[in-house]
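Peer 1: starting from these lines, generate the structure:
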Amino acid sequence: MSLQTLLIKYIENSDKVLSEITLRQTAATLNQEKIFAVIEYAKRYLSDAKYYREKKQFKTSLAAVCYCEGLLDALRLLETVEFTWPNLKTKL
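Peer 2: The predicted structure is shown next:
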């Protein structure tokens, strides 16, 4: 799989998750402002990934989208949000 194909897949998956993410009931015991702040960081990393993809800086773009996914996974592992990663097949 090419770097560009992998990048498109990661960006599409992160877009999907960020559009459907929901807070879990257990998140009520945590500071929700901080949870939303982490989600905003994830959105910024995704935005950076798209920007660098357009500039054809694919390695930088991939690094940014990986940070986005890492933050989302951390929130899920802490059981503060709910989502599932889509299983997308991307065609170029």
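
Peer 1: so what strands line up beside the helix or strand bottoming out on mean pLDDT in the chain?
Peer 2: Least confident helix or strand, the chain: strand 22-23 with a mean of 88, by mean pLDDT, DSSP states H and E. For strand 22-23, the paired strands and their directions (DSSP bridges) read strand 81-82 (antiparallel).

Peer 1: who touches the strand it pairs with?
Peer 2: 21, 22, 23, 24, 27, 35, 39, 72, 75, 76 (C-beta atoms under 8 Å, 6 or more residues apart in numbering). The way it works is simple: take the backbone N, C-alpha and C, and place the C-beta from them, glycine included.

Peer 1: quick one: which of these has the most company?
Peer 2: residue 72 (23 neighbours; other C-beta atoms under 10 Å).

Peer 1: tell me how far it lies from residue 55.
Peer 2: Going from residue 72 to residue 55 by C-beta to C-beta, to the nearest Å gives 24 Å.

Peer 1: for the chain, what are the low-confidence residue spans?
Peer 2: 27-28, 88-92 (pLDDT under 70).
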